[in-house]
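*Asks:* What follows is a predicted structure for the sequence shown.
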Amino acid sequence: MYKKILVPVSFEADRNAQGAMEIAKALCGEGGAITCLHVIEQLPQYATQYLPPGHLEGAKAEMVETLKSLVADVDNATAVVVDGHASRTILDFAEKNAVDLIIIASHQPGMQDYLLGSTAAKVVRHAKCAVHVLR
């Protein structure tokens, strides 16, 4: 069983966040902790100027609430929303927080990804801990 589990969550339609949380609950050892993480990708400056004032803050608050509902019935689970590049931020967060398992949902890949989504593939290749990929 694992003591510190990280579940990166994407809000894309083909990702199974609930399934990843179920696996995390099953693999979390007694006294363990689960962190549900969403990374907000940086938008280019030229794109943000066309957004209404407060849009990004409102979207971030909505994501926090969605993550909180995802972890509401899970003991010792927290929801975190951060800004950054998805794969690099997930890997950095895992290393800084001594995570021993990352559970990441992957989308159905296209030819450019072939076996895994690009974020999942980078996490699998570079993580310093165990990684469970959910299809």
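*Replies:* Received it, and whenever you're ready, just let me know what you need. On a predicted model such as this, the values are computed, not experimentally measured, just so you know.
*Asks:* which residues of this structure fall in strands?
*Replies:* Assigned strands in the chain, in chain order: 2-8, 28-40, 77-83, 101-105, 130-134 (criterion: DSSP state E).
*Asks:* now for the longest one, which elements pack on it?
*Replies:* By that I understand strand 28-40. strand 2-8, helix 17-27, helix 55-71, strand 77-83, helix 86-96 (3 or more Cβ pairs under 8 Å, 6 or more residues apart in numbering; DSSP states H and E). Any C-beta I mention is one placed from the backbone N, CA and C, and that applies to glycine too.
*Asks:* just the angle between the third one and strand 77-83, please?
*Replies:* For helix 55-71 against strand 77-83, the angle by axes from the mean of the first three to the mean of the last three Cα atoms, to 10 degrees is 160 degrees.
*Asks:* Helix 55-71 to strand 28-40, inter-axis angle?
*Replies:* Using the same axes, to 10 degrees: helix 55-71 against strand 28-40 is 160 degrees.
*Asks:* about what we covered before: among the helices and strands packed on strand 28-40, where is the model least confident on average?
*Replies:* Mean pLDDT values for these show the minimum at helix 55-71, a mean of 89.
*Asks:* Just name whatever secondary elements that one is in contact with.
*Replies:* helix 17-27, strand 28-40, strand 77-83.
*Asks:* And for it, what's in contact with it?
*Replies:* 9, 11, 17-18, 21, 34, 36, 38, 40, 43, 48, 77-81 (Cβ atoms under 8 Å, 6 or more residues apart in numbering).
*Asks:* for that helix, which positions count as buried?
*Replies:* 63, 66-67, 70-71 (16 or more other Cβ atoms under 10 Å).
*Asks:* How about stretch 125-135?
*Replies:* 127, 129, 131-134.
*Asks:* can you check stretch 25-42 too?
*Replies:* So for stretch 25-42, counting by 16+ other Cβ under 10 Å, buried means 25, 27-28, 32-39.
*Asks:* surely Leu37 meets Asp92?
*Replies:* No: Leu37 is beyond contact range of Asp92, at 10.8 Å (criterion: Cβ atoms under 8 Å).
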